[in-house]
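Enquirer: Turn this into a model:
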Amino acid sequence: MEWKRLPLCFALFAGLAFGTTTHGEAADIAISCGAVGQELELCRTGAEAWAKTTGNTVKVVSSPNSATERLALYQQLLAGGASDIDVFQLDVVWPGILASHFIDLKPYSKGQEAEHFKSIIDNNTVDGKLIAMPLFTDAGVLYYRKDLLDKHGIKVPETWEDMTKAAETVQKAERDAGNSSLWGFVFQGRAYEGLTVNALEWIDSFGGGTIVDAEGAITVNNPKAQAAMALTQQWVKRIAPEGVLNYAEEEARGVFQSGNAVFMRNWPYAWALANGQDSPVRGKVGVTALPRGGDGGKHSGVLGGWNLAVSRYSKHQKEAADLAMFLTGREEQKRRAVIASYNPTMPALYEDAEVLKANPFFKTLYSTFTNAVARPSRVTGQNYNRVSYAFWGAVHEVLSGQSEASPALARLESELKRMSRRGW
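Expert: I've put the predicted structure just below:
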C-alpha cells in the first residue's frame, strides 16, 4: 500500500496530480478529509483498513479546517473536471450546491442508506440521486466546567441569559482569586460558515426563525432575532475575549481545553479531546443542550455533519464508491464514535453500550441530534453561499460593535430580498 498525505490547497495550486495511477489490478484512490480534531487520523486509519482488505492504494488529502475555504477549493477543482480527488468529504449544506459533480451512490449502496437517519439521506438526495453517504452528524452543544460551577454554587444554565450571568459571575470570582486568564464563554465568532451556525442557533432559540423559511420567505428581521443579537453583542470583551471574533472550532477548543473558559459552544467531537489523557480539563467537563432564548425560547442546535461523495470525474468510480460505503458503514461509524466522539448517523448506534460508555451525553442529548435545526440550504439552493455570506457578515458587524442589531438585520433583509427577487 502506498500512503501520502498532502494538503489540498498545495495540491491545487502546485498542480500536483494524483489518484490516477494503477498498480496492476489495484486502483489508486485519493480521498479528501477534514482535519478538525481527530478527523484526519480517523480518515487515514479507516482508509488504510479498506486498502488492506481490497488490495487498492489510497492517498489521504487534508483540506482546510474552514468549511468556507474548503468549499472554494472544491469548486475550483470540480469546475475544471479534474480527476485528482476521487472521494470528497461534503458539509451537510453542500449536496444541493455541488450535486452535478458527483455520481449517484444508490447502485453501490446495497440498501445501506436505510440504516441511516432518513432526514440526512433525504438531505443528500438531489433530483432522485443519492449524492453522498453520511459519515457523521453534528449539532451544536454547550460545554461547561463542572468543577467551577460546583465551586461557585451555580446550576447548569437553561437560558442564554442564565449562561451570560453565570459566565460573568465565575469569571469575576476566579479573576479576583488570581486566575486572570479565565473567560466566561468562547464560541465560533470568525466571519465564516461557523458564525452562520452559531448565530442561527441564537436566533432560532429565541423563536426568531431560520433566516429564510421553508417556503423561501425572508424572516431574519424580526423582534426576536433582534433580541437574540442584542444579547450576544454584549458578550465580546465582557465574557468573551475580543479574539473570539476570529475563532473557529479549534481556536475555541484550544482556549476551553487549556482551562481558560467556563463555557464553550462547539460540536460533539470536542468531548473526546477535552477528556484526553493530556487534557488539563480531563474529568472536569460537562455537556448539555445549548441554552434557550429566554423563558419562552427553546433549545436549538444547528444541524451539522459531513458526508462522502464520489466525483463523476474519478477514473475509479467503483472502487471510490466502495471506499465511501466502507467508511460510512456501521463498524467505522462505531469506531469513530468510541475513539473520538463523532456522532453516528445510524439510530442503532445510539443504543450501543460501547458508544454510550464513551459518550454518555449521546443518550441524554439524543433529541438534540435528531431534531437539529437546518440551515436554509435546500430552499435557497445555489444561492445558499451568498445568503450565508450576507448573514455572517451582518452578525459579525453586530458582534464587533460596528452596528447595532436592528439596523444590521434590516440591511440584511434588504440584501436578501434583492438576492431573491427572481426566486431562489
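
Enquirer: going forward, measure contacts and count neighbours with C-alpha atoms only.
Expert: OK.

Enquirer: so where is the chain shaky, pLDDT-wise?
Expert: Within the chain, the stretches falling below the threshold (pLDDT under 70) are 1-24.

Enquirer: Now do the domain split for it, please.
Expert: 5-138+304-368, 141-301+376-419 (automatic domain parsing).

Enquirer: Using TSV, please lay out those together with mean neighbour count.
Expert: What follows is the domains of the chain, written out as TSV (neighbours: other C-alpha atoms under 10 Å):
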stretch	mean neighbour count
domain 5-138+304-368	19
domain 141-301+376-419	20
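
Enquirer: Which residue is the nearest non-sequential neighbour of residue 38?
Expert: residue 340 (6.7 Å; C-alpha to C-alpha, 6 or more residues apart in numbering).

Enquirer: Distance of that neighbour relative to residue 273?
Expert: Distance from residue 340 to residue 273, counting by C-alpha to C-alpha, to the nearest Å: 7 Å.

Enquirer: Residue 385 too?
Expert: Using C-alpha to C-alpha, residue 385 is found at 31 Å from residue 273.

Enquirer: those helices in the stretch 201-350 of the chain, which residues are they?
Expert: Shown for the stretch 201-350 of the chain, the helices assigned by DSSP state H, counting those that start in this stretch span residues 223-233, 249-257, 270-274, 317-327, 330-340.

Enquirer: can you pull out the strands in the protein?
Expert: If DSSP state E is used as the criterion, the strands of the chain fall at 5-7, 22-23, 26-33, 57-62, 87-91, 125-126, 129-130, 133-139, 141-145, 183-186, 261-266, 285-289, 303-310.

Enquirer: Residue 78: which of the ones you listed is closest?
Expert: strand 87-91 (10.4 Å; C-alpha to C-alpha).

Enquirer: Might you calculate how far that closest one sits from the centre of the chain?
Expert: With C-alpha atoms, centre = their mean, to the nearest Å as the basis, the distance from the averaged C-alpha position of strand 87-91 to the chain average is 13 Å.

Enquirer: Can you tell me the centre-most residue of the protein?
Expert: For the chain, the residue sitting closest to the mean C-alpha position, by C-alpha atoms, centre = their mean, is residue 304 at 4.4 Å.

Enquirer: what's the distance between residue 216 and residue 163?
Expert: Taking C-alpha to C-alpha as the measure, residue 216 falls 33 Å from residue 163.

Enquirer: Please report how far the residue nearest to residue 287 when sequence neighbours are not counted lies from residue 195.
Expert: For residue 287, ignoring the flanking residues on the chain, the nearest one in space by C-alpha to C-alpha, 6+ apart is residue 143 at 4.6 Å. Look at residue 143 and residue 195: by C-alpha to C-alpha, they are 17 Å apart.

Enquirer: before we move on, back to that, could you dump the strands of the chain into JSON lines with distance to residue 412 added?
Expert: As requested, the strands of the chain are arranged in JSON lines below (distance: least, C-alpha to C-alpha, whole Å):
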{"stretch": "strand 5-7", "distance to residue 412": "35"}
{"stretch": "strand 22-23", "distance to residue 412": "51"}
{"stretch": "strand 26-33", "distance to residue 412": "33"}
{"stretch": "strand 57-62", "distance to residue 412": "34"}
{"stretch": "strand 87-91", "distance to residue 412": "24"}
{"stretch": "strand 125-126", "distance to residue 412": "29"}
{"stretch": "strand 129-130", "distance to residue 412": "34"}
{"stretch": "strand 133-139", "distance to residue 412": "25"}
{"stretch": "strand 141-145", "distance to residue 412": "27"}
{"stretch": "strand 183-186", "distance to residue 412": "25"}
{"stretch": "strand 261-266", "distance to residue 412": "25"}
{"stretch": "strand 285-289", "distance to residue 412": "29"}
{"stretch": "strand 303-310", "distance to residue 412": "23"}
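
Enquirer: Nearest to residue 199 among those would be which one?
Expert: Nearest to residue 199 among the strands of the chain is strand 261-266 (11.3 Å), distances taken as C-alpha to C-alpha.

Enquirer: Just checking: what are the partner strands of that closest one?
Expert: Strand 261-266 has the following strand partners under DSSP bridges: strand 141-145 (antiparallel), strand 183-186 (parallel).

Enquirer: distance between the last one and the chain's centre?
Expert: Relative to its chain's centre, strand 183-186 lies at 20 Å (C-alpha atoms, centre = their mean).

Enquirer: again with the longest one
Expert: With C-alpha atoms, centre = their mean as the basis, strand 141-145 stands 16 Å off its chain's centre.

Enquirer: Surely residue 242 and residue 236 touch.
Expert: Yes: under the criterion of C-alpha atoms under 8 Å, residue 242 makes contact with residue 236 at 5.6 Å.

Enquirer: Apart from its neighbours in sequence, what residue is nearest residue 113?
Expert: For residue 113, ignoring the flanking residues on the chain, the nearest one in space by C-alpha to C-alpha, 6+ apart is residue 121 at 6.8 Å.

Enquirer: doesn't residue 135 make contact with that neighbour?
Expert: No: under the criterion of C-alpha under 8 Å, residue 121 makes no contact with residue 135, lying 11.1 Å away.

Enquirer: I'd like to know how far residue 420 sits from residue 406.
Expert: Here the distance between residue 420 and residue 406 works out to 21 Å (C-alpha to C-alpha).

Enquirer: For residue 145, list each beta-bridge partner.
Expert: Residue 145 forms beta bridges with residue 285, as assigned by DSSP bridges.

Enquirer: List the contacts of it.
Expert: Residues touching residue 145, when contacts are defined by C-alpha atoms under 8 Å, 6 or more residues apart in numbering, comprise 261-263, 284-286.
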